[in-house]
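Peer 1: sequence unknown, structure follows:
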C-alpha cells in the first residue's frame, strides 16, 4: 500500500518546490554509489606500488568522499529550502534568521445583512470588500493572510494562511455576500485556534474583524441594546476574543455598518392550525419586525399560493423597534390534495431578501384520527362506546368535517395501517404489548400524535411503568370526588390558547358551559420534566398534559372522553374545546421540508421520488440516496447538499419540495450599535473598534519575500557550501595525487 507524504504541511511557501529540490539530493548519492562499483582487476606490475599506497590511506580517502557527499547534499538541500522560502517555526528562530513574517487573520462578515443598501447607495459588504482589496494590494514581503467567512453555511474562503500575493487580492475581489445568517462566535473561535497554532511561527499575529456591528450580530432580535437582555451570543463572542488575546494576537474590529440602517422583515411564517384542508380557509400566523425607529403605517402583506395571488392582508401600524405577530385568514383555499407552497411578501426595502418568506405544506381532505376503544359498548342495549362522544365531536356533520375518525378495538391495532392517520387515541385500554408499543413509538417519532384517556378498563399502574420514555406523565391511583364537591376545570389557570376564546365569549354573555364542567373521578397526573400542562383542575392539579417525543407529541388526560367520569362531553364547549386541544397537540406536517440557508433537506422517498431539484434561479440540485438503519432493518433516505440560496425548490414534475428561507429571526435587526456598546459586547476597549474606516492599516517593512530574509540567507549559505565543497574536492585530489606519487616512489 502506498502512503502519500503530506507535502503541503511542510513549513515552506512552495512546499512542492522544496520536495522537488530535496529529491535532487539523490543525484550525488547515486553518483557516489556508482563510483563504488567494482571492476575486474588485472595484475599490473607498475600498479602494485600504487595499490599498496592506496590501501595504507583507504580510511582517510573514504572519510574525504563521505565529507564531500555530505557537503553536496547539504548545499542542494539549502538551495531547495531557499528557493521554496523556508518559514521559521518559532519566533526566536525568526529573529535569529532575520525574518519579520506577520500573520493577519481576517474574520469577514459575509452574512446577508451586509447586503443592505441604503438610499445613499453602497452596501456594507461592498465597502468591506473595497477596503480589503486595497489593503491586500499594499501588502509586501513577510505578510501572511487568512480569511474566515463568518456566515452560516459559507464555504471556506482562505482559512489556511498563505503569503500575500495578487491571488489573494483576486480572491477578495470576487467575493459576494451570501444568503446565510451570521455566526460570529464560531468564526472568532476558529480565528483563535489559528492564532494559537501560529503563535510561535510568525513574528506577530493579529486578528481583524470586518463587520457592520448590527444589533443582531450580538443576538439581539429587537431593540438596539444587546446588553439590555443578556444573550449567550455575547458571552461566546467574549470567550473567543479572550482566547485570541491569550494566543498573543492583537485584536481589532473595523465597523463598516451604516448608522441609520433600517429594515423590515418577515421573521416567521407558520400556520395556526396543524393541517391545511381542501376547501377550508387557511389560518396563517405572521411575525414582522421593524428595526428602524420610525413607525410604518398600514403594512400590507401579499400572499401567493403556488405562485398565484391569494390576497392581500393589512397588518396595521408597525411601530419602530417592534416585532408584531398577527393571525390572518386567507379566504382562497386550495382545491387539490398534495404539496403546495405559500409565500408572503411585504414592500421591498434596502434589504429585500428577508421581505419574502415561503413555506411548504400538504393539503389534505381531512385529518385522520384512529380511535382505539377499550369499551366498544353495545348499541342494541343502548350502551355507548367510550369513544362515542369523541367520535361525534370530531365528525359532527355528514360531510365537510375537519377530522375523519375511524374506530377500532384494541385487538385490531396490530393490523391497523397508521400511515394516513395524524393521531391515535387510546381510550380506556390496557397498555399495549411490546410489538404495539414499538409501532406506536415509531408513529409518534415520525411526527404523529398519541392521545391517552384513562378509564375503568385501564390499569393505571401498568401504564405508569410503560418503558421507552414515551409518556409525559405517570398515572396515579384513581380518585373519586365527593358528590357535593366535585372537581371543576380551572379555566383561568389553564393554557390561554385553549381556554381564551371561551373566556372572551363568556364575558360577552355567550353560554359555553366551560365554567360548569365537573369531574367526578380522575387519575392524578404526575408530570415529568419538560412536559406542558394544558388544562388544570381546581387547585392547579393537571387535567391534560402534553410532551414531545421525537417529531411528534403524546397527550394524556386525567379523565375519560365520555360521561363516565365527567360532564365535559355534555357541555356546549366540548366540540370547540376538543378542536382547540387537537390543534395544540397535533404536529404540522412537512416540517423537514422547510429549512434555512445552510441547512440540508433530509426526507424519506415516497413512490417515484425525484433525485433532482430545480431552484428558484433554475439551478439543478442533485439528491443523494442513503441506506439508514441496522443490517436487518433499514430504509432509504434522500439528502441534499447545504442550500446556499433562498427560495422554493421543486421536483422535476413541478411539485414544491422544499422551501429555503434566510434566518431572519436572528439577523433581520440591522440597527447599528454604538462604538462603546460594540466594545462591551466584544469585551475590548473602545479604541479597538474602528468606526467608518477609510483604510485598513498595513505595516510596511523592508522585506524581500513572503518568508523575509530567510530564503536569501539559505541561498547564500547553500552557495557558500558549494564553494567550500569545490575547494575541499580540489584539496583532497592534490592530497590523493601526492600520496600516490609518494607510494610509487617508495
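Peer 2: Yes, it's here. This structure is a prediction, so every number in the text was calculated from the model and none was measured.
Peer 1: so where is the stretch 51-200 of the chain shaky, pLDDT-wise?
Peer 2: Low-confidence segments of the stretch 51-200 of the chain (pLDDT under 70): 51-59, 82, 84-100, 141.
Peer 1: which residue ranges form the strands in it?
Peer 2: For the stretch 51-200 of the chain, the strands identified by DSSP state E, counting those that start in this stretch occupy 102-108, 143-149, 158-163, in order along the chain.
Peer 1: what's the closest of the ones you listed to residue 694?
Peer 2: Closest approach to residue 694 among the strands of the stretch 51-200 of the chain (C-beta to C-beta): strand 102-108, 17.4 Å. Backbone N, C-alpha and C define where each C-beta goes, glycine included.
Peer 1: For the strands of the stretch 51-200 of the chain, give me CSV that also has distance to residue 542 and mean neighbour count.
Peer 2: Supplementary listing: those in CSV, determined by distance: least, C-beta to C-beta, whole Å; neighbours: other C-beta atoms under 10 Å:
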stretch, distance to residue 542, mean neighbour count
strand 102-108, 49, 24
strand 143-149, 49, 24
strand 158-163, 52, 16
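Peer 1: out of those, which comes closest to residue 666?
Peer 2: Within those, the stretch nearest residue 666 is strand 143-149; the backing value is 17.0 Å (C-beta to C-beta).
Peer 1: which other helices and strands contact the closest one?
Peer 2: Strand 143-149 makes packing contacts with strand 102-108, strand 158-163, helix 166-173, helix 184-197 when contacts are defined by 3 or more C-beta pairs under 8 Å, 6 or more residues apart in numbering; DSSP states H and E.
Peer 1: what sits up against the third one?
Peer 2: Contacts to helix 166-173, defined as C-beta atoms under 8 Å, 6 or more residues apart in numbering, come from residues 129, 132, 133, 136, 137, 139, 145, 147, 157, 158, 162.
Peer 1: Report the distance from that helix to the chain centre.
Peer 2: With C-alpha atoms, centre = their mean, to the nearest Å as the basis, helix 166-173 stands 28 Å off its chain's centre.
Peer 1: and that helix, which residues are buried?
Peer 2: Burial within helix 166-173, assessed by neighbour count using 16 or more other C-beta atoms under 10 Å, is assigned to 168, 169, 171, 172.
Peer 1: Between those, which sits nearest residue 638?
Peer 2: Among the buried residues of helix 166-173, and counting by C-beta to C-beta, the member closest to residue 638 is residue 171, at 34.1 Å.
Peer 1: chain center to stretch 66-73: distance?
Peer 2: Mean-position distance between stretch 66-73 and its chain equals 57 Å (C-alpha atoms, centre = their mean).
Peer 1: May I see the buried residues of it?
Peer 2: By 16+ other C-beta under 10 Å, the buried positions in stretch 66-73 come out as 68, 69, 71, 72, 73.
Peer 1: TSV for the helices and strands packed on strand 143-149, including distance to residue 403?
Peer 2: Output for those, formatted as TSV (distance: least, C-beta to C-beta, whole Å):
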stretch	distance to residue 403
strand 102-108	53
strand 158-163	54
helix 166-173	58
helix 184-197	45
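Peer 1: Against residue 295, how distant is the closest residue to residue 293 other than its chain neighbours?
Peer 2: By the measure of C-beta to C-beta, 6 or more residues apart in numbering, the closest residue to residue 293 outside its immediate chain neighbours is residue 320, 4.2 Å from it. Distance check for residue 320 against residue 295: by C-beta to C-beta, to the nearest Å, it reads 5 Å.
Peer 1: One more: residue 60?
Peer 2: When distances are taken as C-beta to C-beta, residue 60 and residue 295 turn out to be 98 Å apart.
Peer 1: got the residue ranges for the strands in the stretch 251-400 of the chain?
Peer 2: 264-271, 276-277, 282-290, 296-305, 308-318, 322-330, 338-345, 356-364, 367-373.
Peer 1: Please identify which of those is closest to residue 600.
Peer 2: It is, among the strands of the stretch 251-400 of the chain and with distance given as C-beta to C-beta, strand 356-364, at 15.1 Å.
Peer 1: So which elements touch that closest one?
Peer 2: Judged by 3+ C-beta pairs under 8 Å, 6+ apart, the packing partners of strand 356-364 are strand 264-271, strand 276-277, strand 338-345, strand 647-650, strand 656-661.
Peer 1: now with 7 Å?
Peer 2: Packed against strand 356-364, as judged by 3 or more C-beta pairs under 7 Å, 6 or more residues apart in numbering; DSSP states H and E, are the following elements: strand 264-271, strand 276-277, strand 338-345, strand 656-661.
Peer 1: Within the sheet, what are the partner strands of the shortest one, with directions?
Peer 2: Which is strand 276-277. Next to strand 276-277 in the sheet, as set by DSSP bridges, lie strand 356-364 (parallel).
Peer 1: now the partner strand against strand 656-661, angle please.
Peer 2: With axes from the mean of the first three to the mean of the last three C-alpha atoms, to 10 degrees as the basis, strand 356-364 and strand 656-661 are set at 150 degrees to each other.
Peer 1: Other residues contacting strand 356-364?
Peer 2: Contact partners of strand 356-364, identified using C-beta atoms under 7 Å, 6 or more residues apart in numbering, comprise 266, 269, 271, 275-278, 334, 336-345, 589-590, 593-594, 648, 656, 658-659, 661.
Peer 1: in the stretch 401-550 of the chain, which spans are strands?
Peer 2: If you assign secondary structure with DSSP E, counting those that start in this stretch, the strands in the stretch 401-550 of the chain sit at 403-409, 423-427, 449-453, 473-475, 479-480, 487-488, 518-519, 521-522, 525-527, 532-536, 542-549.
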